[in-house]
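Asker: Model the structure of this input:
(4 chains)
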There are 2 protein chains.
Amino acid sequence: MKATIKEVAKEAGVSISTVSRVLNGRDRVSRHTINRVREVIDKLQFQPDFVARTMIMKKTSTIGLVVPQLSNEYWAFMSEVIQDQLWTHGYTTLICSTDNEPEKDSAYLKMCLERRMDGVIYCSSPHYSTETNIQIDLLKAAGVPVVSLDPNILGVSCVVGDHLQGTLTAVEHLIRCGYTRIAYIGGPAVSIEREFGYRKALMMHGFQVDEGLIRLVKGQSFGDGYEGLRSLHSSGISFDALFCGNDLLAFGAIKAMEEAGIRVPDDVAVVGYDDIFSARLFKPALTTVRQPIQDIGQELVNLLLLTLETEPERRTVRKIVIPTELIIRESSGIRLRQV
Amino acid sequence: MKATIKEVAKEAGVSISTVSRVLNGRDRVSRHTINRVREVIDKLQFQPDFVARTMIMKKTSTIGLVVPQLSNEYWAFMSEVIQDQLWTHGYTTLICSTDNEPEKDSAYLKMCLERRMDGVIYCSSPHYSTETNIQIDLLKAAGVPVVSLDPNILGVSCVVGDHLQGTLTAVEHLIRCGYTRIAYIGGPAVSIEREFGYRKALMMHGFQVDEGLIRLVKGQSFGDGYEGLRSLHSSGISFDALFCGNDLLAFGAIKAMEEAGIRVPDDVAVVGYDDIFSARLFKPALTTVRQPIQDIGQELVNLLLLTLETEPERRTVRKIVIPTELIIRESSGIRLRQV
DNA sequence: TTGAAAGCGCTAACAA
DNA sequence: TTGTTAGCGCTTTCAA
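Answerer: Below you'll find the predicted structure:
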């Protein structure tokens, strides 16, 4: 059914090595032979078998990309950016969505090794497991370049958002607005530095951290934010502001407040994190810490490509910190211009 | 660096075929040999080379999935559902986001053939090109099962949302609410049947279709909806309701109306299509036609798997129509319960 | 400029 | 139950 190089060679009356040569443009082949072979290739609709080629070349031209959840706008956009970037560099991206499940996480990494990915971009859910670490070590041991977004994995180059700083700025913004009882919703699915930034901001401004104002939820989606706020609300504790580990959590929390008759920002000011597209569409438009997805994706790809071009012995571990930006909108109570 | 089956055989003092046998669980191997080999495999951290295996088996266990735009919530979710489904059936999914560019569309399909995907799920942007058709034919000619979402590609099994009916129901809902000047924003990136449904509903209820109320925009995203409404507004034409080809277009249109001082739903009622997650979060909550993504993804996978299990000669072209459901929320002017 | 031959790492007859 | 051998479709020496 599918023509092979053998049939092309036979039909053209040359050897398979000659066909291979015109295919790869290596060595020199006479004009006449080239034309003859090209003709037959067209006629037979021959396409070299990528798999066979891969086996010899030891290069799949494929990069594995592991993200926590594709249905989360943030990761979907990130994946798109990275895939585009890699495509222009001749690589295909194998996107893997782990749905925040540690088992899937390591399973996909394992697959990356089995399938001989040329490199891996790992955007973990921060509660990755020991198994994940083992897989990453295996990958490294096999000489497969790995770069990661955010987590500190020993010996892996990474791009990190400046979460501590980002959160610090966000919470300071709330403090400056005069809020004094600032709650926090985060958890293992969100960078721990955001919690640190929250604590740091409070302490720097002379506030005691009230652990009762902190809710650590399991996931990083709408429902988790919703539950987080319900728990906060039903505890009876009072708060006049809320910082959420990401925008989706904030959306969920606001929804829960709406249902409980708490007005945002009149009763409680809210700040999120990420600045996903819908943050500006939401009512009230969400004040949030912007992570420049485009830049982050770009840096991840650059970092990976750089590693790919360096011999394993010469590779160095780099860490690139991407600054964040506070985007002030309605939800934090100040009516500035909408961005 | 990486151990091969040869080294395992040598180390274990058996032949490579014996190693292969314990690897695949084929034939019978003595308990003792199995243990011996397993030990060595562990010791050497041997993993069979997927690529080499693939070459012999003529099966990559990989399915290509082509979607128009991953950063669109609808497609991100769809991709996640399909990837999950396929993963449980032992397949890896290669997700390709074409960004609505016909060239990328056909380029990715070409890649699916080159890389010997076992099957392809094609969720086209409806303005796919001739080149796309050629690539799909090539795929079929090579015996690669292709199933598609929505478009009518000759000889390709497909799952289609019942867009004509869905739109009809939506527009009839507006008519019943008493709106008489119903505008439409759609275009090539959105199923043409939605436009037909719009026209049909109007005609069935004795309205003349006013072409001035129709705006065909290029893409399917927020910005396109925004532009569509601006164009509609600046033309000076009057309208009291608006049906949009998808939710994102509706969001954009509503944003533009907001800026123009047009209130939704008080001045203009709006209905979208898809029921993406943020539709219920939006203010006003969006009335929209729900497409059951989970079901659609499920059906696509089933259809593909079925085709995969059928010998090429016995394959039949099937078309599965998925019913839609009108979800009434605030934007269309009736204050029913929020879903 | 071309061809013959040796593999890449594995599976799968066919023997033993 | 195990080993030998012949490929899968291609690239790449090495000769001619």
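
Asker: so which helix or strand takes in A:Val209?
Answerer: Under the criterion DSSP states H and E, no helix or strand holds A:Val209.

Asker: Spit out the contact partners of it.
Answerer: A:199, A:202-203 (CB atoms under 8 Å, 6 or more residues apart in numbering or on different chains). All C-beta spots, glycine's among them, are computed from the backbone N, C-alpha and C.

Asker: Mind doing that once more with 10 Å?
Answerer: Contact analysis of A:Val209 by CB atoms under 10 Å, 6 or more residues apart in numbering or on different chains lists A:182, A:184, A:198-203.

Asker: before we move on, what about A:His89?
Answerer: The neighbourhood of A:His89, defined by CB under 10 Å, 6+ apart, consists of A:61, A:63, A:301-302, A:304-305, A:308.

Asker: any idea how far it lies from A:Gly119?
Answerer: From A:His89 across to A:Gly119, the span is 11 Å (CB to CB, to the nearest Å).

Asker: follow-up on the earlier one: quick one, which of the contacts of A:Val209 are buried?
Answerer: The neighbour count (16 or more other CB atoms under 10 Å in any protein chain shown) marks A:182, A:184, A:198-202 as buried among the contacts of A:Val209.

Asker: Looking at these, which is nearest A:His173?
Answerer: The shortest approach to A:His173 among the buried ones among the contacts of A:Val209 belongs to A:Ala201, at 9.2 Å (CB to CB).

Asker: how close does that closest one sit to A:Thr93?
Answerer: For A:Ala201, the distance to A:Thr93 equals 37 Å [CB to CB].

Asker: A:Gly197 belongs to a helix?
Answerer: Yes. Residue state for A:Gly197 (DSSP: H, G, I helix; E, B strand; the rest coil) corresponds to a helix.

Asker: From the contacts of A:Val209, which land in strands?
Answerer: A:182, A:184 (DSSP state E).

Asker: and of the contacts of A:Val209, the nearest to chain B?
Answerer: Within the contacts of A:Val209, the smallest distance to chain B is 21.8 Å, found for A:Tyr184 (CB to the nearest CB).

Asker: Ramachandran coordinates for the closest residue to A:Ser278 other than its chain neighbours?
Answerer: Excluding its sequence neighbours, the residue lying closest to A:Ser278 (CB to CB, 6 or more residues apart in numbering or on different chains) is B:Ser278, at 5.1 Å. In terms of degrees, to the nearest 10, the main-chain angles of B:Ser278 are phi -70, psi -10.

Asker: give me every residue that touches B:Ser278.
Answerer: With the criterion set at CB under 10 Å, 6+ apart, B:Ser278 makes contact with A:73, A:222, A:251, A:276-278, A:281-282, B:73, B:247-248, B:251, B:285-286.

Asker: So A:Lys255: helix, strand or coil?
Answerer: Judged by three-state DSSP, the three-state class of A:Lys255 is helix.

Asker: hmm, back to that, tabulate the buried ones among the contacts of A:Val209 (a markdown table), appending pLDDT and distance to DNA strand D.
Answerer: Output for the buried ones among the contacts of A:Val209, formatted as a markdown table (pLDDT from 0 to 100; distance: CB to the nearest atom of the strand, whole Å):
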| residue | pLDDT | distance to DNA strand D |
| --- | --- | --- |
| A:Ile182 | 97 | 61 |
| A:Tyr184 | 98 | 56 |
| A:Tyr198 | 97 | 54 |
| A:Arg199 | 97 | 56 |
| A:Lys200 | 97 | 54 |
| A:Ala201 | 97 | 57 |
| A:Leu202 | 97 | 60 |
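
Asker: what ranges do the helices span in the stretch 51-200 of chain A?
Answerer: A:73-88, A:102-114, A:130-141, A:163-176, A:192-204 (DSSP state H, counting those that start in this stretch).

Asker: Pull the contacting residues for A:Lys2.
Answerer: A:44-47, A:49, B:58, B:113, B:116, B:141-143.

Asker: Next: A:Thr130.
Answerer: Residues counted as contacts of A:Thr130 (CB under 10 Å, 6+ apart) are A:102, A:106.

Asker: Mark out where each domain of chain A begins and ends.
Answerer: Domain assignment for chain A, taken from the TED database, gives A:5-57, A:62-161+A:293-323, A:163-291.

Asker: Please work out the average pLDDT along the first one.
Answerer: Per-residue confidence for domain A:5-57 averages out to 91 on the pLDDT scale.

Asker: for the longest one, same thing?
Answerer: Average pLDDT, domain A:62-161+A:293-323: 92.

Asker: Ends of that domain, what's the gap?
Answerer: With CA to CA, to the nearest Å as the measure, domain A:62-161+A:293-323 spans 29 Å from end to end.

Asker: cool, the shortest one as well?
Answerer: Domain A:5-57 has an end-to-end distance of 17 Å (criterion: CA to CA).

Asker: and the closest residue to chain B within the stretch 51-200 of chain A, how many neighbours?
Answerer: Residue nearest to chain B within the stretch 51-200 of chain A (CB to the nearest CB): A:Ala76, separated by 3.7 Å. Residues lying near A:Ala76 (other CB atoms under 10 Å in any protein chain shown) number 28.

Asker: A:Lys59 too?
Answerer: 12.

Asker: Compute the distance between the residue lying closest to it once chain neighbours are set aside and DNA strand D, please.
Answerer: Distances taken as CB to CB, 6+ apart put A:Asp118 closest to A:Lys59, at 5.9 Å, once the chain neighbours are dropped. For A:Asp118, the distance to DNA strand D equals 16 Å [CB to the nearest atom of the strand, to the nearest Å].

Asker: got the contact list for A:Asp118?
Answerer: Contacts here follow CB under 10 Å, 6+ apart; on that basis A:Asp118 touches A:58-64, A:91-92, A:112, A:144-145, A:304, A:308.

Asker: among those, which are in reach of DNA strand C?
Answerer: Near DNA strand C, taking CB under 7 Å from any atom of the strand as the test, no member of the contacts of A:Asp118 is found.

Asker: Between all of those residues, which two are separated the most?
Answerer: A:Lys58 and A:Leu304 (17.6 Å).

Asker: which one of the two has more residues nearby?
Answerer: A:Leu304 (26 against 11).

Asker: Am I right that that one is in contact with A:Ile82?
Answerer: Yes. Using CB atoms under 10 Å, A:Leu304 makes contact with A:Ile82 at a distance of 9.2 Å.

Asker: list residues touching both of those two?
Answerer: Residues touching both A:Leu304 and A:Ile82 (CB under 10 Å, 6+ apart): A:63, A:65, A:91, A:121.

Asker: The residue nearest to the third one when sequence neighbours are not counted - how many residues pack around it?
Answerer: With sequence-adjacent residues excluded and distances taken as CB to CB, 6+ apart, A:Tyr91 is closest to A:Ile63, at 5.1 Å. Burial of A:Ile63, expressed as a neighbour count using other CB under 10 Å, amounts to 28.

Asker: ok, the closest residue to A:Phe222 other than its chain neighbours - contacts?
Answerer: Once flanking residues are discounted, A:Phe222 sits nearest to A:Gly252: 4.2 Å by CB to CB, 6+ apart. Contact analysis of A:Gly252 by CB under 10 Å, 6+ apart lists A:185, A:217, A:219, A:221-230, A:244, B:281.

Asker: again, 8 Å this time
Answerer: A:Gly252 neighbours (CB under 8 Å, 6+ apart): A:221-229.

Asker: Now intersect those with the helices, please.
Answerer: Residues of those located in helices (DSSP state H): A:222-229.

Asker: just the buried members of those residues?
Answerer: Listed as buried from the ones in helices among the contacts of A:Gly252 are A:222, A:224-229; burial here means 16+ other CB under 10 Å.

Asker: pLDDT score assigned to the closest residue to A:Val190 other than its chain neighbours?
Answerer: Nearest residue to A:Val190, sequence neighbours excluded (CB to CB, 6+ apart): A:Gly245, at 3.3 Å. pLDDT recorded at A:Gly245 is 96.

Asker: Wait, A:Gly245 touches A:Ala183, no?
Answerer: No. Using CB atoms under 8 Å, A:Gly245 is not in contact with A:Ala183; the gap is 11.8 Å.
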